[in-house]
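**Student:** Got a predicted structure plus its sequence, pasted below:
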Amino acid sequence: MTAFAASDEARRETGDEIPVDLSAKAAPRVNQEWNEPSADDPHAEDRLVEAARTDRQAFAVLYDRYVDIIYHYIARRVGDSLVAEDLTSAVWERALSAIERYEIRGLPFAAWLYRIAGNLVANHYRRQRLLKMVGFEEQVPARDTRGQADDRAVVEQAMAGLSTADQEVLGLCYYAGLAPPEIAEVLGCAPAAVHKRLHRARERLRRRIEGDSRVSALRT
């Protein structure tokens, strides 16, 4: 269990709400009891999402179902558990505020959450780059170039320099662990298009990495 999920569990044990304010958008009372959608019913999640527009209990079921996978996806992309917790909360706040406009088109609800999370991660890296440009961020001393931590930092820096579209498809593949057909559902395109996007994004990432003389193990 993640620290993020563990904190939610503690809130439930003490009777506190999950860390998303449902009162502003959801109905003042729970309309009915909602359970985890059945895998045998392909439309069960769609009905749950429709109910979640006005029923906070239905939204809480969606939250419980997807909070961990969204947290892990973000944490792998940003490499900081505290930042990942903040961004995960922001994902659910945005989902709550926009769920009335969400279009049910037969795609997994997670696809929409991944898109929100990807946009927030991209915004996070844009803010980080801006802080470095204007000198608000403390300068980090040079690290040991022989360590794996340095190689990881180079990869993260190279990823941050890619377009949002490239970051999105690589993040869904390597950080979320999705297969091309699943990525296609998230992005709303054909699996063949995902394969092409992945190939091109990998090539652009490789060129950025190989252009950094600090990389050692990643070149082999």
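**Tutor:** Looks like it came in fine.
**Student:** switch to C-alpha atoms for all contacts and neighbour counts from now on
**Tutor:** Fine.
**Student:** any idea how this protein splits into domains?
**Tutor:** 1-139, 141-220 (automatic domain parsing).
**Student:** any idea how far Lys196 is from Val49?
**Tutor:** 32 Å (Cα to Cα, to the nearest Å).
**Student:** Compare these two (neighbour count), which wins?
**Tutor:** Val49 (21 against 11; other Cα atoms under 10 Å).
**Student:** Next SSE downstream of the helix or strand hosting the more buried one?
**Tutor:** Counting by DSSP states H and E, the element that carries Val49 is helix 44-52. As assigned by DSSP H and E, the chain's next helix or strand after helix 44-52 is helix 56-78.
**Student:** Return the set of buried residues in the helix holding Val49.
**Tutor:** 45-46, 48-52 (16 or more other Cα atoms under 10 Å).
**Student:** Same question for stretch 193-200.
**Tutor:** Neighbour count says stretch 193-200 has 194-195, 197-198 buried, by 16+ other Cα under 10 Å.
**Student:** Likewise for stretch 176-188?
**Tutor:** 176, 178, 180, 182-187.
**Student:** which one of the residues you listed is nearest Ala95?
**Tutor:** Val186 (15.2 Å; Cα to Cα).
**Student:** Return the helix or strand in the chain with minimum mean pLDDT.
**Tutor:** Least confident helix or strand of the chain, by mean pLDDT, DSSP states H and E, is helix 3-13 with a mean of 53.
**Student:** what packs against the top helix by length along the chain?
**Tutor:** In terms of residue count, the longest helix belonging to the chain (DSSP state H) is helix 109-134. Under the contact criterion of 3 or more Cα pairs under 8 Å, 6 or more residues apart in numbering; DSSP states H and E, helix 109-134 touches helix 56-78, helix 81-98, helix 164-170, helix 180-187.
**Student:** try 6 Å
**Tutor:** Applying 3 or more Cα pairs under 6 Å, 6 or more residues apart in numbering; DSSP states H and E, we find helix 109-134 packed against no helix or strand.
**Student:** what is the rounded mean pLDDT of that helix?
**Tutor:** What helix 109-134 shows for mean pLDDT is 80.
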